[in-house]
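A.B. asks: 3D model of this:
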Amino acid sequence: MSITMIVILFVAGFLSGGVNAIAGGGTFLTFGALTLAGLPPIAANATSSVIQFPGYITSTLAYRREFKGLWRGAVLLAIVSAIGAVCGSLFLISLSNPAFRSMVPWLLLGATAVFAAGPKLRPKTQGEGHAASPLGLGLQGITSFYGGFFGAGMGIMMLASLGLASGGDYHRLNALKNFLSIVIAAVAIIIFASAGALSWLHALVMIPTAAAGGYAGVAVAKKVPQDVLRWMVVAAGLGLAVYYFVTG
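C.D. replies: Predicted coordinates for the structure are as follows:
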């Protein structure tokens, strides 16, 4: 890698961590930077999972107080999430790079649309929550499959599916979402690593700055309106989709 590319990956990692901490959508930035660095689409997608993983852990730790008492319901949701992530990850590595490459612009458009509609998709439930419903579990399985396969916009999709699966207030759902994101990402990383689909060199370059960006993003979140950041991510997603359509 050239010095210029290392700097680009550093900056993209930092910005992705900050965006995830503020509004979500950091995968758009890491995936775009990794493809710019010359990684094939499957490797870029798989490596993005590794880069996002530390942020899921720190976010879950930040919600440790809200997570108390959620373990019983979280175990069932984790099992469903793990199964969905296994299926999604295996589906990804079963594809050729050209086949996945042809899907990427459509996946980016769909993820961007979900991200843009994020505030409307957030559940407005209240109270202590309830046992996971069959419908909610099914939706969580679908979301987990998507998370193992591609992942951009997964957090917003999961908040919506968890609202149906178990209910509760926003912070309860967000705590569950962060925990289940660890499960999905961990399963995907194991499968991708076993298949040799990861570029550890690129991941090691970006992980430290992504972690730093996530830490800095908490402070920025108090000063920058989330709508501004969300539409910046939407613009990045649309730009990437156009790029893949034009160069396809």
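
A.B. asks: any buried residues in stretch 200-213, and which?
C.D. replies: For stretch 200-213, a neighbour-count test (16 or more other CB atoms under 10 Å) marks His202, Ala203, Val205, Met206, Ile207, Thr209, Ala210, Ala211, Gly213 as buried. Glycine gets a C-beta too; all of them are placed from N, C-alpha and C.

A.B. asks: and what of stretch 81-89?
C.D. replies: Across stretch 81-89, burial judged by 16+ other CB under 10 Å covers Ser81, Ala82, Gly84, Ala85, Val86, Cys87, Gly88, Ser89.

A.B. asks: would you list those in JSON lines and tack on pLDDT, distance to Pro105 and secondary structure?
C.D. replies: As requested, the buried residues of stretch 81-89 are exported to JSON lines (pLDDT from 0 to 100; distance: CB to CB, whole Å; DSSP: H, G, I helix; E, B strand; the rest coil):
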{"residue": "Ser81", "pLDDT": "94", "distance to Pro105": "27", "secondary structure": "helix"}
{"residue": "Ala82", "pLDDT": "96", "distance to Pro105": "29", "secondary structure": "helix"}
{"residue": "Gly84", "pLDDT": "96", "distance to Pro105": "24", "secondary structure": "helix"}
{"residue": "Ala85", "pLDDT": "96", "distance to Pro105": "24", "secondary structure": "helix"}
{"residue": "Val86", "pLDDT": "97", "distance to Pro105": "26", "secondary structure": "helix"}
{"residue": "Cys87", "pLDDT": "97", "distance to Pro105": "23", "secondary structure": "helix"}
{"residue": "Gly88", "pLDDT": "96", "distance to Pro105": "19", "secondary structure": "helix"}
{"residue": "Ser89", "pLDDT": "96", "distance to Pro105": "21", "secondary structure": "helix"}
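
A.B. asks: and those as CSV, adding distance to Ser102?
C.D. replies: Formatted as CSV, the buried residues of stretch 81-89 follow (distance: CB to CB, whole Å):
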residue, distance to Ser102
Ser81, 28
Ala82, 28
Gly84, 23
Ala85, 23
Val86, 24
Cys87, 21
Gly88, 18
Ser89, 19
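
A.B. asks: what is the subsequent helix or strand relative to the lowest-mean-pLDDT helix or strand in the chain?
C.D. replies: Of all helical and strand segments in the chain, the minimum by mean pLDDT, DSSP states H and E falls on helix 118-121, at a mean of 64. Per DSSP states H and E, the first helix or strand lying C-terminal to helix 118-121 is helix 134-149.

A.B. asks: what residues does that next one touch?
C.D. replies: Contacts with helix 134-149, where a contact means CB atoms under 8 Å, 6 or more residues apart in numbering, come from 76-77, 80-92, 132, 154, 157-158, 160-166, 180-181, 184-185, 187-188, 191.

A.B. asks: show me these that map onto strands.
C.D. replies: Among the contacts of helix 134-149, no member falls in strands (DSSP state E).

A.B. asks: from those, list just the buried residues.
C.D. replies: With burial judged by 16+ other CB under 10 Å, the buried subset of those is 77, 80-82, 84-89, 92, 132, 154, 157-158, 160-166, 180-181, 184-185, 187-188, 191.

A.B. asks: that older thread, out of the buried residues of stretch 81-89, which comes closest to Phe150?
C.D. replies: Closest approach between these and Phe150, by CB to CB: Gly88, at 7.9 Å.

A.B. asks: I figured the closest one hits Ala188, correct?
C.D. replies: Yes. Contact between Gly88 and Ala188 holds when scored by CB atoms under 8 Å: they sit 7.3 Å apart.

A.B. asks: against Thr60, how distant is the closest residue to Ile57 other than its chain neighbours?
C.D. replies: Nearest residue to Ile57 in three dimensions, chain neighbours excluded: Ile182, at 6.1 Å (CB to CB, 6 or more residues apart in numbering). Distance of Ile182 to Thr60, given as CB to CB, to the nearest Å: 6 Å.
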